[in-house]
Structure formats: structure tokens, C-alpha cells
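Peer 1: Would you be able to build a 3D model of this:
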Amino acid sequence: MAGTGSAGGAAEQEPVTGAGGSGAGATIGEERGDAGREGETRQASHRSAHGPERETSTTPAPERRSLGTKVAVVASAIGLIYGYDTGSISGALVFLESDYQLTTLWTSVITSIVVVGSLVGAAVGPRVANELGRRRAMLAVAFGFMAFAGLSAVPLGLWWLTVVRLLLGVTVGLATVVAPVFISEFASEENRGRLGTAFQFFTCAGVIISLLTAWALSGTESWEAVLGLAAAPAGVVFLALLRFPDSPRWYAMRGMRERALETLRRLDPDADAPARLTAIEADLAESEHGRFREIFAKRYARPTFFVIAFGFAVQITGNNTILYFSPTIFAKAGFGDGADSILASTLVQVVAAVGVVLSMAVVDRWGRRPPLIVGTAAMVVGHTVMAFVFAQDRISTGTGYVATAAIGLFYLGFYFGIGSLIWVYTGEAFPARLRSVGAGALLLSDFAANLIATFAFPNVLAAFGGSTAFGAFAVLSALALVFLYRMAPETKGRSLEEIRGYWDNKATWSRAG
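Peer 2: Alright, predicted model coming up:
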């Protein structure tokens, strides 16, 4: 968790060559050529600033205009693998219990060890993103998902599975730091909210696919297949990422002005690329290093408190905990053990995906705050209904249906609001040189809360019952609602630089903004 030490480094320093270094626009030869083209870049910038003459690209306009969207969608597809790996353990546990006669302790270890690894990944994620670059970090994430998902399907015992899932968790932590930053730095102000929520849509899709896979394989009880199938989409994402450049902001951080200008022109051929690069460089000019401890300085106290508390609220209100133990919850709520509980788990995740789609549809029209407030209020209602379900004297199939509706309402609200918008706020809260550091702090808080909730929930459920467990979630969701109502800014249509000014100005928009 030491400082990243790379932002704004030596002007001609090359990025580390990674697995995809031969991809389009990222060869070592091109990077070494940046120094030789520096004078040409300055001349182009001077012409753009002082006269009508302007360089143009031979790339067809439709292709150039869609580059940002293509990059963001491919990066968001990392969420598909993340979602699959998050949800797969829920169905696989049923089969693992049959093969290994799992104790309660082993069930807790195998379920939560990914969260432990995620804490490590989130801690080192900012340094990886700044040192290797956003693109190479994303390639490493895709390769990690492919390798560790495949290894988790090798039946060498519980200790082997535990170690592999720990390493998979490190990959998860890296992904949740790097992907939102990568997306935010390619997306335009108009589309950043929609493309940011696309990450969460793919996550929901991955969870649904994992549960449907577990249901389809229930006759075979093949936990190896359930856990290992995530390797295939990870390979596809890896290959797709090879085609793209890194973000203009990272190139600017490393002093590669020509590469930054080239990418800016590909993103928007009609914009004044030199002027945009000047704005980016001004945002980076305050310091050459983005260090973790700096986000705790007085200047960044407000955004740091906001993102850490936001990350904690996302998990302490029960999202992943309910997912991990959803078959158990629905069994206790009236469906009993078996396929019905898995299908109910799948259904509420479909509702979650609907929430993400709704959020994508309105976030850049309504703004960020309305989905946050409405969605969190729905979470409170869903948890409250679940507390009443478990307070009933008789549990039946009827209460199971009510539980399905209540948890469905919770997930609809969660993914309409905080579950989708956390990725947007992660990329918006800090200046460029601290963006990946801030993302790491948010995700550390998120994973810490996830670990607490994952360990606490099954014990509270066993000792005090579902009414107490979901009543606690209802109270925590209500506290999150109050926090977001008071603290969350409306960033619709604002540039990243304007949002930085909001936090610098004691959470107040400037008159010019």
C-alpha cells in the first residue's frame, strides 16, 4: 500500500512490456518512437492552438468515434467473469458438500477466501494500474481469471481449492480497481455513467450464468465444471484487449504526449486534441506521484471519506452475502433443499440485471442521485419484508414466494442504485493521479465489509434466526440511505475536472460549473 510512484514520471520512460505488448498501438518500437516525435507533437499543438490548420486521421470516422465505447464494453466484460466467479461458489458448494462432507468451518473458508484475496488485490491494484498501465493491468486480470478458474476445476483436495481461490480473489481485487478507472478514462462525459454501469450489468449476467450452470449440472454434481467454465470468457476478453491502446491519461502520466494525442484523436476526431491534452496535463501537474497516504490529507478528506463509506455500505447491506448463501436462505424460507432454491436464486439475479439495465437507461438523463436514493429505499423495504417472513410461525412454499419477491426487490434497488453507481463514483471522485489509489481505498473498504458480513451472517442466522439477520440488514441499509442523501454529489454532465473542483471547494459546485 505504499505510494504508486509512477504518475508523471520521467518524460520518456517506457511502460512495462506485458502480455499483449504486441497488440495494436502498443508495440515497443512505437513507444520508443515517442521521444523522436516530441518535436512534431509540439508543432502540431502550436498549429492547433494558433491557427485553423489541424491534423486529421485516416481512420474512418465511425471507427474512431466508437473506440471509447468498444474499449469500455470490453473492459466491462471483465465483470462477466467476476460475476461468474462470485456466483459459482453458491451452486458449487452444494456439490462440494457431497464430495468432501464439508464442515461449517470449511464452508466458511472456501466461501470467504476469495474475499481475503480480493483485499490483497485491491491493496496492490493502484500500483499495478499506474506502473503497468491500465491496459496491461487489464490483460493481467484477464489472464489471471483464465488461469485460476481453470486450476480451480482440478480436483486435488480442499487445500488446493483454497489456495487457488485465494489467488483468484487477488485477481478479483485487481479487476475491481483497474476496470472502473480504465472505463472512466476512455468514456466521454455524456456516456461515462452509462458505460460505468455496464460493468455491473456484466457482473449480474455472470452471476446468472453461474447459477444456471449449477442448476443445469445438478444431475452430475460436477463442481469442477461449475468453477472452471469461467476460463473460456476470460480468454476471449484477453484477446479482445490486445487490440486497444492505453488511456490518454495514462500516456500523459508517463510523458508520452504523442501517444496521448493519437488516442485522443481516435476517441473524438472532432475535438481539439492538443487542448484536451493540455487540460489533462494540468490536472496531473500538481504532483509527480500519487501516493496512498495522500488521499488522507486534509484536501482530500471529503472524497476519501465518501468513497470509503460508500464502499463499506455496498457490502455491509448484504449484497454478496445473500448471493453466497441464497440457496440456504430460500431453503429456510420455504422452498427446501434442491433445484427450487437454486432457481429462486437465479430469478432474483435476473431481477438484479433488470435493475442494472434501468440504471443504465436513466443515469445520464436523471443523474446519479435519484437512482441512489430510490434504490437504497427499496433495499430497506426488501430487508424489512424478509425479517417479517422469518418471524412467521409457519414456513411454507408461500413464504418462499414472498421471500423471493422481497429479495428480488432488494436486488432491484441495489443494482438500480449503489450497486451500479459505485463504479461511476469510483472513477469520478479523485484527480487522475490519485484515481486508481482512490479506487483501491474504496475497494479495500468494500471487501472488508464483505468479509465481515460473510463471516457474520451464517452465525447470526444459526444463533438468532433470519428475522434478526435481515432486521440488521434493514437497519444498515437505512443508515446507508441517510449517508447517501447527505453526501452523494450529483455529477451528471460534469467533467472529471469539474468534479475535482467540487470536492476541493468543500463539496460545493463553483458558479462557473
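Peer 1: ok, which stretches of the protein are strands?
Peer 2: Ranges of strands within the chain: none, based on DSSP state E.
Peer 1: Would you confirm that residue 326 contacts residue 345?
Peer 2: Yes. With contact defined as Cβ atoms under 8 Å, residue 326 counts as touching residue 345 (3.9 Å). Any C-beta I mention is one placed from the backbone N, CA and C, and that applies to glycine too.
Peer 1: okay, these two: which has more neighbours?
Peer 2: residue 345 (29 against 23; other Cβ atoms under 10 Å).
Peer 1: Please report how far the residue nearest to the spatial centre of the chain lies from residue 182.
Peer 2: Centroid-nearest residue in the chain: residue 176, 3.9 Å away (criterion: Cα atoms, centre = their mean). Taking Cβ to Cβ, to the nearest Å as the measure, residue 176 falls 11 Å from residue 182.
Peer 1: Is the residue nearest to the centre of the chain in contact with residue 81, as I believe?
Peer 2: No. Assessed by Cβ under 8 Å, residue 176 is found out of contact with residue 81, at 11.7 Å.
Peer 1: before we move on, back to that, tell me the confidence at the residue nearest to the centre of the chain?
Peer 2: At residue 176, the pLDDT value in this model is 78.
Peer 1: In space, what's closest to it - neighbours in sequence excluded?
Peer 2: Nearest residue to residue 176, sequence neighbours excluded (Cβ to Cβ, 6 or more residues apart in numbering): residue 443, at 5.0 Å.
Peer 1: what's the one you found in contact with, if anything?
Peer 2: 118, 122, 125, 173, 176-177, 311, 426 (Cβ atoms under 8 Å, 6 or more residues apart in numbering).
Peer 1: Check which residues of the helix of greatest length in the chain are buried.
Peer 2: Longest helix of the chain, by residue count under DSSP state H: helix 432-464. For helix 432-464, burial by neighbour count (16 or more other Cβ atoms under 10 Å) applies to 432-451, 453-454, 457-458, 460-461.
Peer 1: before we move on, what about stretch 162-180?
Peer 2: Within stretch 162-180, the residues that count as buried by 16+ other Cβ under 10 Å are 163-180.
Peer 1: any idea how far that stretch is from the chain center?
Peer 2: Relative to the centre of its chain, stretch 162-180 is centred 11 Å away, using Cα atoms, centre = their mean, to the nearest Å.
Peer 1: before we move on, what about stretch 217-224?
Peer 2: Its chain's C-alpha centre and that of stretch 217-224 lie 29 Å apart, by Cα atoms, centre = their mean.
Peer 1: Correct me if wrong: residue 369 contacts residue 490.
Peer 2: Yes. Between residue 369 and residue 490 a contact is recorded at 4.9 Å, counting by Cβ under 8 Å.
Peer 1: When these two are compared, which one has more neighbours?
Peer 2: When residue 369 and residue 490 are compared for neighbours, residue 369 comes out ahead with 17 against 14, by other Cβ under 10 Å.
Peer 1: Could you check how far that one is from residue 360?
Peer 2: Using Cβ to Cβ, we find residue 369 at a distance of 16 Å from residue 360.
Peer 1: do residue 171 as well
Peer 2: According to Cβ to Cβ, residue 171 and residue 360 sit 25 Å apart.
Peer 1: now residue 409
Peer 2: Distance of residue 409 to residue 360, computed by Cβ to Cβ: 19 Å.
Peer 1: More neighbours: these two, which one.
Peer 2: Just comparing residue 409 and residue 360: by other Cβ under 10 Å the higher neighbour count belongs to residue 409, 22 against 19.
Peer 1: Mean confidence (pLDDT) on stretch 398-416, please.
Peer 2: Stretch 398-416 shows a mean pLDDT of 93.
Peer 1: Could you pull out the buried residues of that stretch?
Peer 2: Buried residues in stretch 398-416, counted by 16+ other Cβ under 10 Å: 399-400, 402-416.
Peer 1: Spatially nearest residue to residue 438, not counting backbone neighbours?
Peer 2: Among residues not flanking residue 438 along the chain, residue 430 sits closest, at 3.7 Å (Cβ to Cβ, 6+ apart).
Peer 1: Tell me the spacing between the closest residue to residue 382 other than its chain neighbours and residue 320.
Peer 2: Nearest non-adjacent residue to residue 382, counting by Cβ to Cβ, 6+ apart: residue 410, 3.1 Å away. Distance, residue 410 to residue 320, by Cβ to Cβ: 12 Å.
Peer 1: which residues touch residue 378?
Peer 2: Neighbour list for residue 378: 409-410, 412-414, 416-417 [criterion: Cβ under 8 Å, 6+ apart].
Peer 1: make it 6 Å
Peer 2: If you count contacts by Cβ atoms under 6 Å, 6 or more residues apart in numbering, residue 378 has them with 409, 413.
Peer 1: That one and residue 410: what is the separation?
Peer 2: From residue 378 across to residue 410, the span is 7 Å (Cβ to Cβ).
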